[in-house]
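Colleague: Sequence plus predicted model, see below.
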Amino acid sequence: MGIIVEQKSEKVTASVKWVLEDPKQKEVWWPSEELKKMAWVSDESIYEQADKDPTAFWANRAREGLHWFKEWDRTYERNPPYFKWFVGGRINASYNAVDRHIKTGRRYKAAIIWEPEPIDEPARVLTYYDLYREVDKFANVLKSLGVKRGDRVGIYLPMMPEVQIAMLACARIGAAHSVVFSAFSADSLRSRLKDAEAKVLITADGYYRRGKVLNLKAEADKGVEGTPVKDVVVVRRAGLDVDIVEGRDHWWHELMEDADAHCEPEAMDSEDILFILYTSGTTGKPKGVVHTTGGYLTQAYWTSKWDFDIHDDDLFWCTADIGWITGHTYSCYGPLLLGATMLIYEGAPDYPEPDRWWDIVEKYGVTIFYTAPTAIRMFVKCGEEWPRKHDLSSLRILGTVGEPIDREAWLWYFHNIGGGRCPIIDTWWQTETGGTLINSLPGIGPFIPTVAGRSFPGMRHAVLDENGNKVGVGGSGSLVQLSPFAPGMLRGIYKDPERYKELYFSRYGEEIYYTHDGARVWDEMHNIRLGGREDDVMKVAGHRLATAEVETALTEHEAVAEVAVVPAPHEIKGEVPVAFVILRKGRQPSEELAKEIIARVTKAIGPTAKPENLFFVPDLPKTRSGKIMRRILKSLMKGEPIGDVTTLMNPEIVEELKAKVGYVEAGLT
Ligand code: WTA
C-alpha cells in the first residue's frame, strides 16, 4: 500500500493522513479522525442513499434547511429541456438569510465582517440583527423608488456590506437583482442594464484598489445612459466629490435615514426569479443566466454546509467578488442562510504587501478559506516567506474554484497555507449551476491534487464520448449532468430560450445538460478530473471571458480589418487573451496603434479582459471556405504540435506566424 505518513503540527489538532503510492501519480489524502468526527457528513453511504432517490433527497434537504411559507405541491417537474423544483412552494430568500436567525441565539452574532482595503480604516461588523434592520430599511427604500415584485434592479458595487444588503433587500420585495462586476466598464454595465431592463441602479462613489480610489460613479453615469434606469442610489464609500444628477441620483445614507425598519417579506413562488447574472458564452454578447428561488437556496444552503463544513463557530471567507457567481452563492446567500459569520474584503490580495490575505486570516482567525487557483499561483511566485510571517493555525478547511488547479499550486496551498492539515476542497461548478456540483467532502475525502472529486450527493454527472456513450475509468470526454438536475441550476437565459436550448441541451439532447467542460473519470469511485473548457470560453485570472467578446471589442477600432483572439497560457492568470490583427489597407503597424486598439477592450469590457499581446499579421490561417482556424493559433500559443496544415487555404502563413510569436514546440501535455 505504500507509505503512510502522518502530518503533524503542534498548534493544531486535526491532522490529515496521507497515503503516498506513487509520488508522481497518486498523492491521495484522507480526512483525519478528528475531521471526520466534526464533519456534518462523514459516512460515505450518503452518496448511495441520495442516489436511490435524488428527488426525495432534495425534498428532505429543502424542508430541513429552509423556512417555507407554504410547502410545495410537487418536488420536481420535468418538461425537457426545462425543469422546476418545489413547484407551488412559497419562500423568501431574505427571510431565510436574516429573519430566521434573529429569532435564535444568532441574533447578535456577527453576520458580516468587512475589512476595508486601507490598513488604518477599522473593520465594520454587522450582526444578524443589524443586517435585518438594514435589509428591511433598504427594501423600503426600493419600494419608495417604485420598485415592485417582478422588477429588476442593477447593482454595481464593490465588496462592502451594502452589496449584500442591496441583494437581500431586492429578494425581500421580490425584485430580481442583477449584479455587475465593479471592474467592468461603463459599456458592459450599459448592455447588461439594458438587457435586464433594470429600473434602478445601486452604486458607490468610489472604492479602494491598491491604494488608489477608483471613481465608480463616473463609470455608472456613463453606464446608465440609454438604459431604462430611472433612479441611481449612491453609497458614500470613498468620500469622492461626484456629480449628482438632480431627480435621478440619491445618496444611500439620506434615503436610509427616513426608511422604516420593518418590511414584510414577499412570499415568492419557488420558481420566481431571484437573480440574473450575466456571464460569457461563446458569442460576443454575454447572456443573462436566470436563477430562481427555492432550488437555488436549497443548493446554496447544503453545498455551503457540507462542502465547507461550516459550523456556528467558524469564520468563513470566500475571496470571490460579488460580481461573479461564487460571490453570490458563497459571499452572500450560502453562509447567511446557515447563520454563519463571513468575512468580506474590499481590496487587492497583495496590498500593501503580499501578505495582506494572511494578515487578515490571522487577525480575525478565519477557519475556512475559499479562493481561486490564480491567486494561489500569484502567492507561489511571491514566496512562502509571506504566509510564514503569520499564524495561520485557525484554518481548518481550504477551498478552490474557477479553473483547474495544477499539482504545484495545490501542494503549495496545502503545505504553506493549510500547514499540511487542511483538506483542499476543489469545487467544480459554473455560473449556470448556481452552486457547487463536483468536489470531495471534508469528512469523506479523498483529496487528490488536480482531481475535484465526485458529484455532490443527489447529483448525477457522467463523462460522455463523442457519440454520447459513457466512458469508463481512465476515459476522457465531455462532462454532462443527468436528470434530475441539481436544484440550483439555471432555469433559462433571460429573454433568450433558443440560446438556452442550443447551448446546454442540444449537444446530447434535451435530457442531458452539456457543461462545455472536458473531464476524465479518475477512478472507480467516479472521482473526476476536469480538463478545461471545450468551447471558446477562457478563464483569465479565474474570470470568465469569451474570445468572441474580445474580438468584437477589437474590431470596433477603425484600423482593424480582421482579428482573431485565442487564449495563451500564463503563469499566474492561467490563461490570457492574445490578439492577431490584420490591419486595413494603408494602416501601418506601430506600438501606439497596438495600444489604441487594445484600449478598445478596456472600454468595452474592462481591464481584466485586456489582451496580453497583440500581433499585427498579414494574414490568418484559414480554411478553403475562409473560416479562421483558431485551433492553429491556439496551438501556436500553447507550444503544441501544429498538426496538418495542408487543408488550409494559406498554409505558408503558419511559418510566418511561428516566427512572429516565437513558437517553440513543447509537445502535447
Ligand atoms: C471552470 C465559476 C476546473 C470550468 C464557479 C467551468 C473549473 C467554468 C473549476 C465556469 C474547478 C470552475 N476545476 N475547472 N474546480 N471550477 N471551473 O461560470 O471550466 O465563472 O465551466 O463559474 O470554470 O466558470 P464560471
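Modeller: Sure, I can see it.
Colleague: so who does the residue of the stretch 301-450 of the chain found nearest the ligand touch?
Modeller: Proximity to the ligand, evaluated over the stretch 301-450 of the chain using CB to the nearest ligand atom, is greatest for residue 431 at 3.4 Å. The way it works is simple: take the backbone N, C-alpha and C, and place the C-beta from them, glycine included. Applying CB atoms under 8 Å, 6 or more residues apart in numbering to residue 431 gives the contacts 277, 279, 289, 324, 325, 490, 544.
Colleague: Next, the contact list for the fifth one, please.
Modeller: Read that as residue 325. Remark: with contacts taken as CB under 8 Å, 6+ apart, residue 325 is in contact with 277, 279, 289, 429, 430, 431, 434.
Colleague: Mind doing that once more with 6 Å?
Modeller: 277, 431 (CB atoms under 6 Å, 6 or more residues apart in numbering).
Colleague: Please enumerate the helices of the stretch 1-150 of the chain.
Modeller: With DSSP state H, counting those that start in this stretch applied, the stretch 1-150 of the chain shows helices at 33-38, 45-52, 54-65, 93-94, 100-102, 128-144, listed in chain order.
Colleague: Oops, could you answer that again for the stretch 451-600 of the chain instead?
Modeller: Taking DSSP H, counting those that start in this stretch as the criterion, the stretch 451-600 of the chain carries its helices at 497-504, 547-555, 591-604.
Colleague: quick one: low-confidence parts of the stretch 551-669 of the chain?
Modeller: By pLDDT under 70, the low-scoring segments of the stretch 551-669 of the chain are 667-669.
Colleague: what do you get if the cut-off is 80, keeping everything else the same?
Modeller: Low-confidence segments of the stretch 551-669 of the chain, defined by pLDDT under 80, are located at 666-669.
Colleague: Repeat that for the chain.
Modeller: For the chain, the ranges with pLDDT under 80 are 1-26, 666-669.
Colleague: Any idea what residue 204 is bridged to?
Modeller: Under the criterion DSSP bridges, residue 204 forms beta bridges with residue 235.
Colleague: Tell me which residues touch it, please.
Modeller: Contacts were defined as CB under 6 Å, 6+ apart; by that measure residue 204 touches 157, 216, 235, 237.
Colleague: how far away is the second one from the ligand?
Modeller: When distances are taken as CB to the nearest ligand atom, to the nearest Å, residue 216 and the ligand turn out to be 22 Å apart.
Colleague: before we move on, back to that, of the contacts of residue 204, which belong to strands?
Modeller: Restricting the contacts of residue 204 to those inside strands, with DSSP state E as the criterion, leaves residue 235.
Colleague: Neighbour-wise, give me the winner out of the contacts of residue 204.
Modeller: residue 157 (29 neighbours; other CB atoms under 10 Å).
Colleague: where's that one relative to the ligand, distance?
Modeller: As judged by CB to the nearest ligand atom, residue 157 and the ligand stand 19 Å apart.
Colleague: Might you report the residue contacts of that residue?
Modeller: 163, 204.
Colleague: before we move on, what about residue 507?
Modeller: residue 514.
Colleague: Going forward, the N-terminal residue is numbered 2.
Modeller: Okay, using 2 as the starting number, the last item reads as residue 508.
Colleague: Look up how far the ligand lies from it.
Modeller: For residue 508, the distance to the ligand (CB to the nearest ligand atom) stands at 14 Å.
Colleague: Next: residue 50.
Modeller: For residue 50, the distance to the ligand under the criterion CB to the nearest ligand atom works out to 25 Å.
Colleague: And for residue 231?
Modeller: When distances are taken as CB to the nearest ligand atom, residue 231 and the ligand turn out to be 31 Å apart.
Colleague: residues near the residue nearest to residue 464 when sequence neighbours are not counted, how many?
Modeller: Closest residue to residue 464 apart from its sequence neighbours, by CB to CB, 6 or more residues apart in numbering: residue 478 at 4.5 Å. When neighbours are counted by other CB under 10 Å, residue 478 registers 21.
Colleague: same question, residue 82
Modeller: 18.
Colleague: For the nearest residue to it once chain neighbours are set aside, grab phi and psi.
Modeller: With CB to CB, 6+ apart as the measure, residue 506 is the residue that lies nearest to residue 82, at 3.6 Å, once sequence neighbours are left out. Per-residue torsions, residue 506: phi -130, psi 30 (degrees, to the nearest 10).
Colleague: tell me which parts of the stretch 352-501 of the chain are close to the ligand?
Modeller: For the stretch 352-501 of the chain, the residues in contact with the ligand under the definition CB under 6 Å from any ligand atom are 402, 403, 404, 405, 427, 428, 429, 430, 431, 432, 453.
Colleague: can you do 5 Å?
Modeller: 402, 403, 404, 405, 427, 429, 430, 431, 432 (CB under 5 Å from any ligand atom).
Colleague: Which among those count as buried?
Modeller: Buried members of those, scored by 16 or more other CB atoms under 10 Å, are 402, 403, 404, 405, 427, 429, 430, 431, 432.
Colleague: Next, count neighbours for the closest residue to residue 109 other than its chain neighbours.
Modeller: Once its chain neighbours are removed from consideration, residue 109 has its nearest residue in residue 128; the separation is 4.9 Å (CB to CB, 6+ apart). When neighbours are defined as other CB under 10 Å, residue 128 has 18 of them.
Colleague: and the gap between residue 128 and the ligand?
Modeller: According to CB to the nearest ligand atom, residue 128 stands 29 Å off from the ligand.
Colleague: That residue touches residue 107, doesn't it?
Modeller: No. With contacts counted by CB atoms under 6 Å, residue 128 stays clear of residue 107, the gap being 8.6 Å.
Colleague: Now do the contacts for residue 132.
Modeller: Remark: with contacts taken as CB under 6 Å, 6+ apart, residue 132 is in contact with 99, 112.
Colleague: ok, now how distant is residue 614 from residue 133?
Modeller: 50 Å (CB to CB, to the nearest Å).
Colleague: quick one: which of those two has more around it?
Modeller: For residue 614 against residue 133, the residue with the higher neighbour count under other CB under 10 Å is residue 133, and the figures read 22 against 14.
Colleague: What distance do you get for the more buried one to the ligand?
Modeller: Noted for residue 133: a distance of 29 Å to the ligand, by CB to the nearest ligand atom.
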